[in-house]
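Engineer: build me a model:
(2 chains)
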Amino acid sequence: MTSTTTSTIAIGPVVVLDKPSATTRARSVLGRIALAVTIVFFLVLLVAPGLLVHVDPIATGDDILAAPSAAHLFGTDQLGRDVFSRTIHGAHPVLLASLLGVLLATVAGVALGIAAGVAPRWLNTVLMRAVDVLLALPVLLIALMLIATAGSGVASIVLAIGIAFTPGFARIVEGSVRRLRSAEFVQAAYVFGSTRLRTSVRHLLPNLVTEVVVLGSSAIGWAVLTATTLSFLGLGVLLPQPDWGSDLAAGATNLSIAWWLSTFPGLAITVTILLANFSGDYLMTLLDPRSKARFRLFTGGRARTGRRVKEPVDSEPEVA
Amino acid sequence: MTFVLRRLASMVPVLIGITLVAFLLIHLIPGDPAKVILFGSNATPEQIDQLRTQLRLDQPLWRQYLDFLGQLLHGDLGTSYLTQNSVAHELFSRAPSTLVLTASALLVAIAVGVPLGLVAGTRPNSAFDKVARAVSFLGVAVPYFFLALVMVLLFSVNLGWLPAIDDGTVAGLVIPAVSLGWGYAAILTRLVRGRIIDEYRSEYVKSARARGCPEWRVLLRHALRNSSIPAITTIGLQFGNILTGAAITEVIFGRAGLGSFLATSITNKNIPVVQGAVVVIGIGYVLINLVVDVIVGAVDPRTRIAVGAS
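Structural biologist: Residues are numbered from 1 along each chain as shown, chains lettered A, B, ... in the order given. Next up is the predicted model:
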């Protein structure tokens, strides 16, 4: 590493053989741009989609199944609704569900992870066994289970993503807490009479912030995929409202005569996941070069059925 | 052998947990489950009572769970209250189709991902490597249900090479399997590439080369073999995701499998079916990971101690 000046930028988790030369620097510039673009993109689509398009996404028109043109950039659907407008406005439920879902999972996962980490051994065993059980079920199945009981809708998707992603976060945070617990500053806090709660909030939490930011940001792409899968199955918004997943599904029936109906919502999902992953990777290399947490999330984590091996969590078998 | 037995014994708490989750599912419904399930169906109070008895909701909670568990051990997953058929029968008659799709997608992922990662890993930063990396980055980002539609549009509608809906032939399986497997191929490519680069820097590869071992042998016998363990583990971990992905893919292609069955059961609030699916998929996932651990244990004896230790 020659660039050990003030920057903390390091090479990514995918091992790169060359020295941190022009490529690495170019990549970090690219990462910064991607991060900025992602934030602006998400903000505009969430808060002010009206800035980009003035056409009402649910207003029907006479121009039915028109191909993309200057009047209708992305064409129109079988009811004459403007696909461009629907694609812009369709971002709202998807981004809302993914971002809120990840936020919920982060808060719940951190709370659960810290609680289990500082808890007495028996409570830790109970909590982490429960986490193991949830990790044994695919994320999508947990989400479907919850929606089967809570009913469909964006609020249910938020809850589903939140709960389905929590065990993965909790497992990683718990590992970090157990590692931190033996650190001198934590031991010192206990010696000075700090309670478990105070130690958790004042000493453990600040040391976890970096990791939690990395975890949360790298889960967004996966959350977007989960949210759109659920709305693709018709479990999201009610029908006249635009949504990438349900619009993609609706367009599939007219695929042979109107390719634009499914293609644009699909591209929107792809671009969103690409941007989210790229930003997540950048944040990871920026904040925590050694972290492989992202891949553990992608694989849904591992249900370890054996009693925990007495080893530092660092040397867990690398998952991906 | 003791390793396998130990590993089996350690599965028990997780299996019990899965049945508990599936069991509690019906109690997550806010309000009276029987009323919620029959909401909007003009059910008479007698019918609601009947369903309540059928679901054993009039019993104490521990009693309900023990009954549920007892039935489960007899292979009885309850009855679908819509068709009055056995849930186990309904699930298992549909399972083969889903498993075929899952296996095909897995095959695509391995057949594409491993060679791609291998070649990219041996030539880091070459043009091939850059293309492979871009493809795998995209592969992770494109949702499989979108890829499926794009492939239908391209290969069925425009080129007419492959059938657009699944007609039971091998050709009909190509688009579902490739669209589903692609994302996992991308994950495997990234993984194998990274491992090969790591292995190439290790001492044993240097010593093999120093002995005059041919390059192909270094790659296949040494580097690939040592990279295969994380790859096998990852495949095991991804199995659950591929299985649920297969279920969604079936909905798209109109394949009669677990997916379309589960999707309609969810919209109909057919809870016994959802419970059955949770139990079957959960147990399947745990078993697959048992098999994976045994395979890894066979490939790398060191892990036999680590995985099932104490």
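Engineer: where in chain B is the helix or strand with the lowest mean pLDDT?
Structural biologist: helix B:302-308 (a mean of 57; mean pLDDT, DSSP states H and E).
Engineer: burial count for the residue in the stretch 51-200 of chain A positioned nearest to chain B?
Structural biologist: Distances between the stretch 51-200 of chain A and chain B by Cβ to the nearest Cβ are smallest at A:Val133, namely 3.2 Å. Quick note: C-beta positions are derived from backbone N, CA and C, even for glycine. The local packing of A:Val133 (other Cβ atoms under 10 Å in any protein chain shown) involves 23 other residues.
Engineer: if we ignore the residues flanking it in sequence, what's nearest it?
Structural biologist: Nearest non-adjacent residue to A:Val133, counting by Cβ to Cβ, 6 or more residues apart in numbering or on different chains: B:Gly17, 3.2 Å away.
Engineer: what sits against that neighbour?
Structural biologist: With contacts defined as Cβ atoms under 8 Å, 6 or more residues apart in numbering or on different chains, the neighbours of B:Gly17 are A:129-130, A:132-133, A:136.
Engineer: could you look up the SS state of A:Thr272?
Structural biologist: With DSSP: H, G, I helix; E, B strand; the rest coil as the basis, A:Thr272 sits in helix.
Engineer: what about it, how many neighbours?
Structural biologist: Other residues close to A:Thr272 by other Cβ under 10 Å number 25.
Engineer: was I right about it contacting A:Val94?
Structural biologist: Yes. Counting by Cβ atoms under 8 Å, A:Thr272 does reach A:Val94; the two are 7.4 Å apart.
Engineer: tell me, what's touching these two both at once?
Structural biologist: A:Val224.
Engineer: write out the residues of the stretch 101-250 of chain A neighbouring chain B.
Structural biologist: Within the stretch 101-250 of chain A, the positions adjacent to chain B are A:129-130, A:132-134, A:136-141, A:144-150, A:152, A:221, A:225, A:228-229, A:232-235, A:248-249 by Cβ under 8 Å from any Cβ of the partner chain.
Engineer: in helices only, show me the contacts of B:Gly17.
Structural biologist: A:129-130, A:132-133 (DSSP state H).
Engineer: out of the residues you listed, who has the most neighbours?
Structural biologist: Result: A:Val133 is most packed of the ones in helices among the contacts of B:Gly17 (other Cβ under 10 Å), 23 neighbours.
Engineer: low-confidence ranges, chain B, go.
Structural biologist: B:1, B:29-33, B:35-43, B:81-84, B:164-168, B:303-310 (pLDDT under 70).
Engineer: quick one, longest helix in it?
Structural biologist: Chain B, longest helix under DSSP H: helix B:87-122.
Engineer: ok, that helix near chain A or not?
Structural biologist: No. Residues of helix B:87-122 contacting chain A under Cβ under 8 Å from any Cβ: none, with a closest distance of 9.3 Å.
Engineer: give me every residue in the stretch 201-310 of chain B lying close to chain A.
Structural biologist: Counting by Cβ under 8 Å from any Cβ, the residues of the stretch 201-310 of chain B that sit close to chain A are B:230, B:233-234, B:237-238, B:240-241, B:243-245, B:248, B:251-252, B:262-263, B:265-267, B:269, B:271, B:274, B:277-278, B:281-282, B:285-286, B:289, B:303, B:306-310.
Engineer: list buried residues within these.
Structural biologist: By neighbour count, with 16 or more other Cβ atoms under 10 Å in any protein chain shown, those hold B:230, B:233-234, B:237-238, B:240-241, B:243-245, B:248, B:251-252, B:262-263, B:265-266, B:269, B:271, B:274, B:277-278, B:281-282, B:285-286, B:289, B:303, B:306-308 as buried.
Engineer: helices - which of the residues you listed land there?
Structural biologist: Filtering these for helices - DSSP H - leaves B:230, B:233-234, B:237-238, B:240-241, B:243-245, B:248, B:251-252, B:262-263, B:265-266, B:271, B:274, B:277-278, B:281-282, B:285-286, B:289, B:303, B:306-308.
Engineer: show me the helices in the stretch 1-150 of chain A, by range?
Structural biologist: A:22-47, A:83-89, A:91-118, A:121-135, A:139-150 (DSSP state H, counting those that start in this stretch).
Engineer: which elements pack onto the shortest one?
Structural biologist: Packing contacts for helix A:83-89, counted by 3 or more Cβ pairs under 8 Å, 6 or more residues apart in numbering or on different chains; DSSP states H and E, involve helix A:244-252, helix A:260-287.
Engineer: try 7 Å this time
Structural biologist: Counting by 3 or more Cβ pairs under 7 Å, 6 or more residues apart in numbering or on different chains; DSSP states H and E, the packing neighbours recorded for helix A:83-89 are helix A:260-287.
Engineer: who are the packing partners of the helix it packs on?
Structural biologist: helix A:22-47, helix A:83-89, helix A:205-232, helix A:244-252, helix B:127-141, helix B:144-151.
Engineer: that helix to helix A:205-232, inter-axis angle?
Structural biologist: Taking axes from the mean of the first three to the mean of the last three Cα atoms, to 10 degrees, one finds helix A:260-287 and helix A:205-232 inclined to each other by 170 degrees.
Engineer: pLDDT of helix A:260-287, averaged?
Structural biologist: For helix A:260-287, mean pLDDT is 84.
Engineer: shaky segments in the stretch 151-300 of chain A?
Structural biologist: For the stretch 151-300 of chain A, the ranges with pLDDT under 70 are A:288-300.
Engineer: and the residue of it nearest chain B?
Structural biologist: Closest contact between the stretch 151-300 of chain A and chain B, by Cβ to the nearest Cβ, is at A:Gly266 (3.6 Å).
Engineer: the residue nearest to that residue when sequence neighbours are not counted - how many residues pack around it?
Structural biologist: Using Cβ to Cβ, 6+ apart and skipping the chain neighbours, the partner closest in space to A:Gly266 is B:Phe146 (3.6 Å). Using other Cβ under 10 Å, B:Phe146 has 24 other residues around it.
Engineer: good, we can wrap up now.
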